[in-house]
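Engineer: have a look; sequence and predicted model below, questions after that.
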Amino acid sequence: MTIYLDYQATTPLAPEALAAMRPWLEAGFGNPHSPHRPGRQAAAAVAVARDQVATALGRPGGRLLFTSGATEAANLALKGAAWAAPRGRTRLVALATEHACVLDSVRWLGAHGYEAVVLPVGADGLVDLDRVRAAVDDRTILVAAMLVNNEIGVIQPVTEIAAIARAAGALFFCDAVQGLGRLPLPDADLIAVSAHKLHGPKGIGALWVRDGVMLEPLLHGGGQEGGIRSGTLSPALCAGFGAAAAVAVARMDADRAHVEALWARARAALDGWTVNGSTDARWRGNLNVRREGLDAARLIADVRGVAFSAGSACASGSGRPSHVLKALGLSDRAARSSIRLGFGRETTPDELDAAIGLLAAAAAEQGLVPA
């Protein structure tokens, strides 16, 4: 049996989500965009799910657009906002530790006539708000800042960043993938979320859009989702997302207390390891640590009974050191000596203890011993 410690990559499907999906995977196969009775029934399920996700976001107003995932949602937010921006606004600002879907979108826009500004962060992973103020002006279309970093768990001062953007007449976009169901969300104009990070199904995400915010479509076709995101929706995926989001909100306090206890236990057991990023402004279900001289890739291969990672699952095959850890000022060697342990709702203290024992034994085989 594998001990699963990679909750930032994905989470187990909640039983409530599976139960909500099952009718629409079996008899309820209607197209939710069709006018007949099976279609209307499927559309009603999508409407319930949309309300559930919007409620989890704490956003009764605005528009919730279902997408294939957070990557599509981020691309739609950034490119759609840029293409719809008024004349004279050409700048996009993002933090160096953003997810690749954000940074790559900003840089792509930078190569196509827009100005891309990527702000550095400190050794703790947090951005200096004075840098944000200096970068945001009346030319700025949008500022992007992640709520909880997927690699190191650091929580950015998104409320303050949103206020800076708003004062300049710019939009604020928040990647809240790792934050939904865990923390209160900021007062943003655009918010991207993903189902499979909170015990929902893979293959579905959403973009919340504040009323009055204009976006140009990324996909063209049947005009679904208010003409902003074409494509047939899956009632099963929508229902699973909605149910998972509702459970996450209901369990928010209990889940937070659980991972905080696990964090304290892991920190005590991993004496001699250095935490990457702030230990205060952090979601404690994410423990990213390094040990001088460790070969993280070898450790992952050697410890067969534990599922953990050395960074983002999206970039695991690139062979490059983590751009997030590099942004903290770590050398390539230090970045490659880092591992990420992610725990969550189903992780037990006994599992965590056993996993850390296996990690310590494998590290010792590399010639590393506890300090």
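Structural biologist: Arrived safely, thanks for sending. Numbering: from 1, shown residues only.

Engineer: residues contacting residue 247?
Structural biologist: Residues in contact with residue 247 (C-beta atoms under 8 Å, 6 or more residues apart in numbering) are 14, 16, 17, 199. Quick note: C-beta positions are derived from backbone N, CA and C, even for glycine.

Engineer: nearest to residue 335 among these?
Structural biologist: Nearest to residue 335 among those, counting by C-beta to C-beta, is residue 199 at 29.7 Å.

Engineer: just confirm the closest one is within a helix.
Structural biologist: No - using DSSP: H, G, I helix; E, B strand; the rest coil, the assignment for residue 199 is coil, not a helix.

Engineer: could you list the low-pLDDT ranges of the stretch 101-250 of the chain?
Structural biologist: Within the stretch 101-250 of the chain, no stretch has pLDDT under 70.

Engineer: can you tell me the SS state at the residue positioned nearest the centre of the chain?
Structural biologist: The centre of the chain sits closest to residue 177, judged by C-alpha atoms, centre = their mean, with a distance of 2.9 Å. Here residue 177 is recorded as coil under three-state DSSP.

Engineer: and if you look at the one 10 residues further on?
Structural biologist: With three-state DSSP as the basis, residue 187 sits in coil.

Engineer: how about it: what's its closest non-neighbour residue?
Structural biologist: Spatially, and ignoring its direct neighbours in sequence, residue 187 is nearest to residue 162 (5.5 Å; C-beta to C-beta, 6 or more residues apart in numbering).

Engineer: list the contacts for that neighbour?
Structural biologist: Neighbouring residues of residue 162 by C-beta under 8 Å, 6+ apart: 143, 172, 174, 186, 187, 188.

Engineer: at 10 Å instead, please
Structural biologist: Residue 162 sits next to 143, 145, 170, 171, 172, 173, 174, 186, 187, 188, 189 when contact means C-beta atoms under 10 Å, 6 or more residues apart in numbering.

Engineer: now do it against residue 168, distance only.
Structural biologist: 11 Å (C-beta to C-beta, to the nearest Å).

Engineer: name the residues contacting each of the two.
Structural biologist: Common contact partners of residue 162 and residue 168 (C-beta under 10 Å, 6+ apart): residue 143.

Engineer: verify the stated contact: residue 120 with residue 327.
Structural biologist: Yes - using C-beta atoms under 10 Å, residue 120 makes contact with residue 327 at a distance of 6.6 Å.

Engineer: just want to know which of the two has more residues nearby.
Structural biologist: Neighbour totals were compared for residue 120 and residue 327, and residue 327 leads with 23 against 13 (other C-beta atoms under 10 Å).

Engineer: the helices in this protein, which residues?
Structural biologist: 15-25, 37-57, 70-84, 100-110, 129-135, 158-167, 235-250, 252-269, 296-302, 323-327, 332-335, 349-365 (DSSP state H).

Engineer: thought residue 298 was touching residue 368?
Structural biologist: No - in this structure, residue 298 is not within contact of residue 368 by C-beta under 10 Å, at 11.3 Å.

Engineer: what do those two both touch?
Structural biologist: In contact with both residue 298 and residue 368: residue 362, using C-beta under 10 Å, 6+ apart.

Engineer: mind checking which of these two has more residues around it?
Structural biologist: In terms of neighbours (other C-beta under 10 Å), residue 368 is the more surrounded of residue 298 and residue 368; the figures are 19 against 14.

Engineer: buried residues in stretch 156-175?
Structural biologist: Going by neighbour count (16 or more other C-beta atoms under 10 Å), the buried part of stretch 156-175 is 156-158, 161-162, 164-166, 168, 170-175.

Engineer: ok, residue 258 - contacts?
Structural biologist: If you count contacts by C-beta under 10 Å, 6+ apart, residue 258 has them with 251, 284, 285, 343, 344, 345, 346, 347, 348, 349.

Engineer: now the first one: phi and psi?
Structural biologist: Residue 251 has phi and psi values of phi -100, psi 10 when expressed as degrees, to the nearest 10.
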